[in-house]
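Visitor: Curious how this folds, go ahead:
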Amino acid sequence: MIVSKGRGYVFVHIPKTGGTAMALALEARAMKDDVMIGDTPKALKRRRKVDASKAAGRVWKHATLADIDGLFSVAEIEALFAFTLVRNPWDRVVSYYHWLREQSFDHPAVALSKAHDFAGFLGQAQIQESLRASPYAQYMTRADGVEQCQAYVRLEHLAEDLQPVEDHLGFRLEMPHANRSDRDAGYRGYFSDETAAIVADVCAPDIKRFGYTF
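Guide: Below you'll find the predicted structure:
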């Protein structure tokens with residue numbers, strides 16, 4: 001997450017949507033007072049400036065607008081241009097699975113990814129409920145319950161959807177490819193009819209809202 005009062009924006013980093021590349025592009029043009037929360041080089045250097053104890057929720061790179069209530073008031077957030085990246089859910093789940101399998105920290109999803117093949121992983125009720133409980137809009141909902149997002153940028157339509165963001169910033173963004181997963185380039189080959197239907201069910205709101213198809 002990046003909050004820039006100087007440039008008047010807040011970028012929310014939804015997991016496995018290309019957000020690290022966006023954060024790197026934004027921090028390349030960072031202002032001195034930008035608040036960066038994450039694991040990019042400048043964010044790590046500025047971490048000690050963030051008083052996490054003031055925040056309503058967890059202060060980390062995937063924080064939601066509601067999480068940072070207290071660090072920033074609802075009125076301060078409301079005054080900013082809020083944007084995020086979103087991704088085809090079927091593609092995103094494949095990247096999520098492979099990313100989890102490379103991790104070593106103690107978390108149920110990490111353990112499940114290492115204990116199961118992709119189909120078995122998606123068949124776990126805990127994974128399905130986690131995906132169902134975290135639609136994209138949840139990340140962009142403030143503490144007062146109002147969804148605020150001036151630009152949902154679809155990763156598959158980057159040039160088109162990024163235009164309002166660049167218009168606001170006043171410059172073009174150069175996004176490197178970051179955090180590449182060790183996976184096949186396509187995603188359809190990972191799915192059976194059954195597992196594709198699971199994603200269609202648990203991610204139905206995002207699929208419908210952003211026009212995604214398998």
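Visitor: use CA for all of it now, contacts and neighbours both
Guide: Fine.
Visitor: Show me where the protein has its strands.
Guide: Shown for the chain, the strands assigned by DSSP state E span residues 2-4, 9-12, 35-36, 81-86, 151-154.
Visitor: out of these, which comes closest to Ser113?
Guide: strand 81-86 (22.4 Å; CA to CA).
Visitor: can I get the CA coordinates of the closest one in PDB?
Guide: Extracted in PDB, the C-alpha atoms of strand 81-86 (Å, rounded to 0.1, in the frame of the first residue of the first chain):
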ATOM      1  CA  PHE A  81      -7.700   9.000  -5.700                       C
ATOM      2  CA  ALA A  82      -8.000   5.300  -4.700                       C
ATOM      3  CA  PHE A  83      -7.000   2.600  -7.100                       C
ATOM      4  CA  THR A  84      -5.900  -1.000  -7.200                       C
ATOM      5  CA  LEU A  85      -5.100  -3.900  -9.600                       C
ATOM      6  CA  VAL A  86      -7.400  -6.900 -10.200                       C
END
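Visitor: Report the contact partners of the residue of the chain most remote from its centre.
Guide: Ranked by distance from the centre of the chain (CA atoms, centre = their mean), the top residue is Asp193, with 26.6 Å. Applying CA atoms under 8 Å, 6 or more residues apart in numbering to Asp193 gives no contacts.
Visitor: Tell me how far it lies from Ala143.
Guide: 38 Å (CA to CA, to the nearest Å).
Visitor: Please apply the same query to Met175.
Guide: 30 Å.
Visitor: And these two? Which one has more around it.
Guide: Ala143 (18 against 15; other CA atoms under 10 Å).
Visitor: so that one touches Phe72, yeah?
Guide: No - Ala143 lies out of contact with Phe72 (CA atoms under 8 Å); the separation is 10.4 Å.
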